[in-house]
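Peer 1: Fold the following for me, if possible:
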Amino acid sequence: MRPVAQLLHNKFVVVLGDSIQRSVYKDLVIILQRDAYLSLSQLKTKGEFSFEQDCLVEGGRLGQMNNGTAYREVRQYRTDHHLIRFYFVTQVFSRYVESILADFEQGIKPDLVIMNSCVWDISRYSHHWALEYKENLNKFFMKLKTILPEESLVVWNMTMPLGKKILGGFLVPEIEHMGPSLRFDVIEANYFGATLANKFGFDVLDLHFQFRFSLQHRMKDGVHWNAVAHRKITCLLLEHVAQAWGVELPKLDQINAENRRPLPENHSWQTATSSAPARYPGPVWTQGQRMFNGFRSQYCHGDLPPHMTAGYHQNFERETFYRGANNSAAAPYWPVNNLVTKQNHRNPYTRERLHPYRY
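Peer 2: From the prediction side, this is the model:
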């Protein structure tokens, strides 16, 4: 069982945001299944009925495909021991987002929430976006703080650097005039988001800082990023989550040292490699005072040590899910300027659930 699958074993992961966050979701789904990168078509496609054995739950091709603020897309990847869900949102707080949060409040609570909403907020709703965006951030974080249990981990992804010239479907004619200044607005909006997330006790991952010198991996449209960049994002997220949960992940470059395949597009990040063809050379996991050397036979069928599965006896495959009614600019400084992890996270592997998961 590979490290990613083990880290997210019996975890409910929710990804919320725009098309960048959709690719974050897709890369998580694909890395849980095999050692491969997203293809260009997979990165560009939206609203498909199925991606790598996931399912389209709402919106997308089940509804009306468009580039408007009312576009909806809810996706879900589910196995016996993994549940990952994606919601496409164009505004950090709205009636639609409230309906999503109501799902969490009334049903299963996510173990991990990965969230970003920025570019649509500051371009599609108002030319004077700052005040409304700050108010909506505050409402969203306050509501999230209210409905999620203390042990749920929330990671706010700061928005990645935009290009000087933005092309493609996102920049509709009505907002073309905002293109040249949007990359500077993102920096200001990133400061608002990171500051408020920190204020509410949530974690922050500064992707703007991480990718400021990696612009060769940005797509020609000036907004989206290639598969190599998204694997880097995945690795940063998993390292951050492991740190917050007190789990020591084996370094991916060490895991793949014996069997390394050529990487696409002049890949330059060692930490983003995930290419062992069939096996891993025995990584070491430590949690508290316990240590596990390699993945022995007891891991082959999804079995984990008791302390890592306490309270988790659900079978995600048997559950159903239904949503009710329907670059000259400098990156802002942030502590460590790559990630901010709180020190008071509860250990998700040892907590007991009083009730089984329900969808």
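
Peer 1: So what pairs up with residue 113 in the strands?
Peer 2: Residue 113 has these beta-bridge partners by DSSP bridges: residue 14, residue 154.

Peer 1: Contact partners for it?
Peer 2: By CB atoms under 8 Å, 6 or more residues apart in numbering, the contact list for residue 113 reads 13, 14, 16, 144, 148, 152, 153, 154, 155. (Each C-beta comes from the backbone N, C-alpha and C, glycine too.)

Peer 1: and the third one, what element?
Peer 2: Yep, that's residue 16 we're talking about. Element membership of residue 16, judged by DSSP states H and E, is strand 11-17.

Peer 1: which strands and helices sit next to that strand?
Peer 2: Contact analysis of strand 11-17 by 3 or more CB pairs under 8 Å, 6 or more residues apart in numbering; DSSP states H and E lists helix 19-33, strand 82-88, helix 95-106, strand 112-115 as its packing neighbours.

Peer 1: Can you tell me which of the ones you listed is most buried?
Peer 2: With neighbours defined by mean count of other CB atoms under 10 Å, none of the helices and strands packed on strand 11-17 is more surrounded on average than strand 82-88, at a mean of 24.

Peer 1: Name the residues that touch it?
Peer 2: Against strand 82-88 from outside (CB under 8 Å, 6+ apart): 5, 8-19, 21-22, 25, 28-29, 32, 46, 54, 57, 59, 71-78, 100, 316, 321, 357.

Peer 1: If we use 7 Å, what do you get?
Peer 2: Residues outside strand 82-88 that contact it (CB atoms under 7 Å, 6 or more residues apart in numbering): 8, 12-16, 18, 22, 25, 28-29, 32, 71-77, 100, 316.

Peer 1: pLDDT of it, averaged?
Peer 2: For strand 82-88, the mean per-residue pLDDT is 98.

Peer 1: Summarise which helices and strands the helix or strand encompassing residue 235 is packed against.
Peer 2: Assigned by DSSP H and E, residue 235 falls within helix 227-245. Helices and strands touching helix 227-245, by 3 or more CB pairs under 7 Å, 6 or more residues apart in numbering; DSSP states H and E, are helix 3-7, helix 19-33, strand 153-157, strand 203-205.

Peer 1: go again using 6 Å as the cut-off
Peer 2: Identification of packing neighbours for helix 227-245 by 3 or more CB pairs under 6 Å, 6 or more residues apart in numbering; DSSP states H and E yields helix 19-33.

Peer 1: What is the helix it packs on packed up against?
Peer 2: The criterion is 3+ CB pairs under 6 Å, 6+ apart, and the helices and strands that helix 19-33 contacts are helix 3-7, strand 11-17, strand 82-88, helix 227-245.

Peer 1: I'd like the ones you listed as CSV, with distance to residue 115 appended.
Peer 2: Written out in CSV, the entries for these read as follows (distance: least, CB to CB, whole Å):
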stretch, distance to residue 115
helix 3-7, 19
strand 11-17, 5
strand 82-88, 10
helix 227-245, 12
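
Peer 1: Compare those and give me the one nearest residue 220.
Peer 2: With CB to CB as the measure, helix 227-245 is the member of those nearest residue 220 (13.5 Å).

Peer 1: The closest one relative to strand 11-17, how many degrees between them?
Peer 2: Between the direction of helix 227-245 and that of strand 11-17, the angle (axes from the mean of the first three to the mean of the last three CA atoms, to 10 degrees) works out to 130 degrees.

Peer 1: How about helix 227-245, which residues are buried there?
Peer 2: By neighbour count on 16 or more other CB atoms under 10 Å, the buried set for helix 227-245 is 227-242, 244-245.

Peer 1: next one: stretch 52-72
Peer 2: For stretch 52-72, a neighbour-count test (16+ other CB under 10 Å) marks 54, 56, 57, 58, 59, 60, 71, 72 as buried.

Peer 1: Check the gap between the fifth one and residue 51 for me.
Peer 2: Going back to what we said before, that points to residue 59. Between residue 59 and residue 51 the distance, using CB to CB, to the nearest Å, works out to 14 Å.

Peer 1: For residue 165, grab the count of nearby residues.
Peer 2: By the measure other CB atoms under 10 Å, the count of residues near residue 165 is 12.

Peer 1: ditto for residue 2
Peer 2: 21.

Peer 1: Next: residue 166.
Peer 2: Around residue 166 there are 20 other residues, counting by other CB under 10 Å.

Peer 1: Just give the closest residue to it, not the sequence neighbours.
Peer 2: Taking CB to CB, 6 or more residues apart in numbering, and ignoring the residues beside it in sequence, residue 166 has residue 222 as its nearest neighbour in space, at 4.2 Å.

Peer 1: quick one, phi psi at residue 193?
Peer 2: In terms of degrees, to the nearest 10, the main-chain angles of residue 193 are phi -60, psi -50.
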